[in-house]
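Asker: I'll drop the sequence and a predicted model, then ask my questions.
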Amino acid sequence: TQPVLLKIIKRALVIFALGFFLNIFPDFQWDTVRIPGVLQRISIVFFTCALLYLTTNWIIQIRVFILILITYYVLLTQVPVPGTGVPSLDPETNLGAWLDRFLLHGHLWVQSKTWDPEGILSTLPAIATGISGMLAGRLLVYVQSTHKQWLLFATGALGIVLGLLWNLVFPFNKSLWTSSFVLYTSGIAIVLLGILYILIDLKNIKRWSMPFRWYGVNALAVVVASGLWVKILVRIDVNAEGTSAWSWIHETLFTTWLSPVNASLAFALFWVAIFGIILYILYRKRIIIKV
């Protein structure tokens, strides 16, 4: 167990460090660098779920999942926010935003500066999301049944229904990662997993899924590479007006003939295709970048 634990710790630290590097590159402003981030949250969720997987059974994991969702609901809707004296779900006055400012002042998301979409408190329900995926994986791998897809569908449907009901009093909110949002999105993901299980494992219809495999085997590498690529392009000026290479590509290739919404979509798909080609080459050459 100890070698496995050391491997888990190392992987979590590397993922966190990569996320931090993406935040600080290329300016390296240590006094204002954003500390939270997507990869940082992934590292914490991975580490917590891995420990739960190693030390508990599925029944305890379900209990932890439920406890996290209820605790988070109580914290955000019943606990008064210091300075205001009342509970709040508003962006800058909820308990999570207060905690972010209290512990990470000056190191938060640059577009808000007063709260962070990957903040400290909202990482708690994100762990619950990770547990839901872990439980779905357990069901898929360990349940000995020729009808396990129906168990996935039933579990997913239950999550969707409970999420919709909880949404009535604790609304869906991605930035807050509300408990209803966890149930609803986890339910959808588990239903999709059931569909994929039927198509790929039972029906052997899987050729269509190859692009997802290209991305999947080098998922972390492409997240880091694409993040660095964007930061580099936005800092390269292509004309005297200071237009960045990123904006120039968007305007030249897409906004001249598409509406703003469709241009934005096409621009995103363009980069998905570019990186998809790179990942396809890596896949064909059996190059997997691991951490």
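Answerer: On my side now, so go ahead.
Asker: For the rest of this, base every contact and every neighbour count on C-alpha atoms.
Answerer: OK.
Asker: could you pull out the helices for the protein?
Answerer: 2-24, 38-55, 58-78, 95-104, 123-142, 148-167, 179-196, 210-217, 219-233, 245-250, 260-284 (DSSP state H).
Asker: Nearest to Asn204, out of these?
Answerer: Nearest to Asn204, of all these, is helix 179-196, at 10.1 Å by CA to CA.
Asker: related to what we said a few turns ago, single out the most deeply packed of the helices of the chain.
Answerer: Among the helices of the chain, helix 179-196 has the highest mean neighbour count (mean count of other CA atoms under 10 Å), at a mean of 22.
Asker: Now do it: everything it contacts.
Answerer: The contact list for helix 179-196, computed with CA atoms under 8 Å, 6 or more residues apart in numbering, reads 69-70, 72-73, 125-126, 128-129, 132-133, 136, 149-150, 152-153, 155-167, 170-174.
Asker: How about stretch 255-273?
Answerer: The contact list for stretch 255-273, computed with CA under 8 Å, 6+ apart, reads 250, 254.
Asker: What average pLDDT does that stretch get?
Answerer: The pLDDT scores in stretch 255-273 average 96.
Asker: With stretch 134-152 instead?
Answerer: For stretch 134-152, the per-residue pLDDT averages 90.
Asker: got it, and stretch 159-177?
Answerer: pLDDT averaged over stretch 159-177 gives 97.
Asker: before we move on, back to that, closest to Leu89 out of the helices of the chain?
Answerer: helix 58-78 (6.8 Å).
Asker: now the angle between helix 123-142 and the closest one, please.
Answerer: 160 degrees (axes from the mean of the first three to the mean of the last three CA atoms, to 10 degrees).
Asker: Return the list of helices and strands in contact with helix 58-78.
Answerer: Helix 58-78 sits against helix 95-104, helix 123-142, helix 179-196, with contacts defined as 3 or more CA pairs under 8 Å, 6 or more residues apart in numbering; DSSP states H and E.
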